[in-house]
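K.L.:
Pasting the sequence and the predicted coordinates here, then a few questions.
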Amino acid sequence: MQLHKKIDTEVVIIGAGPAGCSASLYLAKFEIPHVVVEKEQYPRDKVCGDALSGKVVNQLKKINSAWVDELQLSDTACTPSWGVVFSAPNGNEIAIPFKHKPNGASHSPGFISKRIDYDYWLFQKLDKKWATVLQNTEVTDVDIQKDRVVVRSSKYTITSKLVISAEGTRALVAKKYGGYKLHKEHHSAGLRAYYHGVTGLSKQGFIELHFIKESLPGYFWIFPLPNGQANVGIGMLTKYVSKNNVNLKKLMIEILESPKFKDRFKNATLQKKIVGWGLPLGSKKNRPISGHRFLLVGDAASVIDPFTGEGIGNAMFTGKWAAEQTRNSLEANEFGAKELLQYDKTVYQKIGGELMVSAFMLRLINYPWLFNWMISKIKNNKELQETITFMFDDVDLRKKFTNPLFYLRVLLN
Ligand SMILES: Cc1cc2nc3c(=O)[nH]c(=O)nc-3n(C[C@H](O)[C@H](O)[C@H](O)COP(=O)(O)OP(=O)(O)OC[C@H]3O[C@@H](n4cnc5c(N)ncnc54)[C@H](O)[C@@H]3O)c2cc1C
């Protein structure tokens, strides 16, 4: 019989996905001892499109400048991604290459890697000098008291000064202490399937986002993976799915059999099952993401880009900012809700603008004609193309999308 163990530490991180790993890697940089608790045994799967954007690549480089090259060369099977294809409801398609800024790196701006591989690779980077990592350990309760936090699993009771909740979509801390409720208008349903033998995949690893009639108000994607495989999926706002009783799986199969895609999937075989998971979107303005002795990061903080569904980058960013906040709180020995509110301010100051622009873009999907018009504008507008081209490499360029003057110029062009 295994004995129940007690551990006392400075900080507990619940969940070792990209958000939890990023928080842990930064805490280790700051030489802060902590415990990471993960309910699964790695390598573990995660339902996802598997696209690692420029945000992820830039974060990796900041943590360790050698890691992106290592990721490319390691056994972690990944496809370098050099661009994106958008298709509009009227069938109009546009392919936009991603480029590095002048003097940029030689590696691709983005990658596509199955999460079972990428997350495991990142997880193995955790610095055991500062992080005590407990796998196969599901946290069943978190009790935040005035002067400490008590985290419980069947095997451990861990006490700490602060808890970083990185548990993903169904975060215990977010529900119990953050007032989190699933708002269907700020949440998407997504399906993922792995296929082998899809034809017409880009040799440069362009990801394909299809805003076709059948998938609206959502999009259908095809992302090329190594060894002739592809990640194929669909995402749609949960509010629409439940209001209209949409059977997403049936819809996805209909799309595969539609005239636009049937030839490409003629000889493709499904690997394993089609699986689904939720996406907590960052479209609700300034949702509280901290409180007395806790910080929420990644999906637990609902920071997925509402338009693209991209969440790994923001998960890693929030992990970093939470670690920085933790360092400040430990130094000041202040863990109250008022002090930790600075974390919310940092997050929303850095990515609040782009989340709101994406929320606006998401609303455009309800108006196919407007979307058709946008795609034709992008096709004919050099500035817009350039912005998107470099956006993957230069996160700051995304700020352009938050400037109304930018849209005015696009409109008048
Ligand atoms: C269908 C779909 C497609 C997507 N496509 C993309 C894409 O292409 N690119 C992109 O950037 N993003 C995409 N996303 C979003 C992305 O998957 C998430 O934003 C990202 O995984 C968030 O990382 P995280 O670390 O916050 O959470 P997770 O990756 O979910 O990690 C949470 C971890 O916490 C652990 N955990 C949970 N509960 C407990 C507990 N009680 N005790 C201990 N451990 C616990 C879990 O086992 C898990 O390992 C997609 C999402 C979906 C659903």
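P.N.:
In hand now; what should we look at? Numbering: from 1, shown residues only.
K.L.:
How about the contacts made by Ile304?
P.N.:
By C-beta atoms under 8 Å, 6 or more residues apart in numbering, the contact set of Ile304 is Ser188, Leu279, Pro280, Leu281, Gly282, Glu310, Gly311, Asn314. In this view, the C-beta of every residue, glycine as well, is placed from N, C-alpha and C.
K.L.:
now with 6 Å?
P.N.:
By C-beta atoms under 6 Å, 6 or more residues apart in numbering, the residues touching Ile304 are Leu279, Leu281, Gly282, Gly311.
K.L.:
Which element, helix or strand, includes the closest residue to the second one other than its chain neighbours?
P.N.:
Taking C-beta to C-beta, 6 or more residues apart in numbering, and ignoring the residues beside it in sequence, Leu281 has Pro306 as its nearest neighbour in space, at 4.2 Å. For Pro306, there is no helix or strand it lies in under DSSP states H and E.
K.L.:
Now for Pro306, how many residues are close by?
P.N.:
26 (other C-beta atoms under 10 Å).
K.L.:
ditto for Asp8
P.N.:
Neighbours of Asp8 (other C-beta under 10 Å): 11.
K.L.:
got it, and Met361?
P.N.:
The burial count for Met361: 16, using other C-beta under 10 Å.
K.L.:
picking up where we left off before, what separates the residue nearest to Leu281 from the ligand, distance-wise?
P.N.:
Between Pro306 and the ligand the computed distance is 12 Å (C-beta to the nearest ligand atom, to the nearest Å).
K.L.:
quick one, phi psi at that residue?
P.N.:
phi -70, psi -30 (degrees, to the nearest 10).
K.L.:
pLDDT wise, what is it at?
P.N.:
Pro306 carries a pLDDT value of 92.
K.L.:
Now the stretch 301-413 of the chain against the ligand: closest residue?
P.N.:
Gly311 (1.9 Å; C-beta to the nearest ligand atom).
K.L.:
The longest strand belonging to the chain pairs with which strands, parallel or anti?
P.N.:
In the chain, assigned by DSSP state E, the strand with the most residues is strand 269-280. Each strand paired with strand 269-280, and its direction, by DSSP bridges: strand 187-196 (antiparallel).
K.L.:
Can you pull out the residues in contact with the strand it pairs with?
P.N.:
Contacts with strand 187-196, where a contact means C-beta under 6 Å, 6+ apart, come from 47, 228-230, 232-238, 241, 248, 252, 268-271, 274-277, 279-281.
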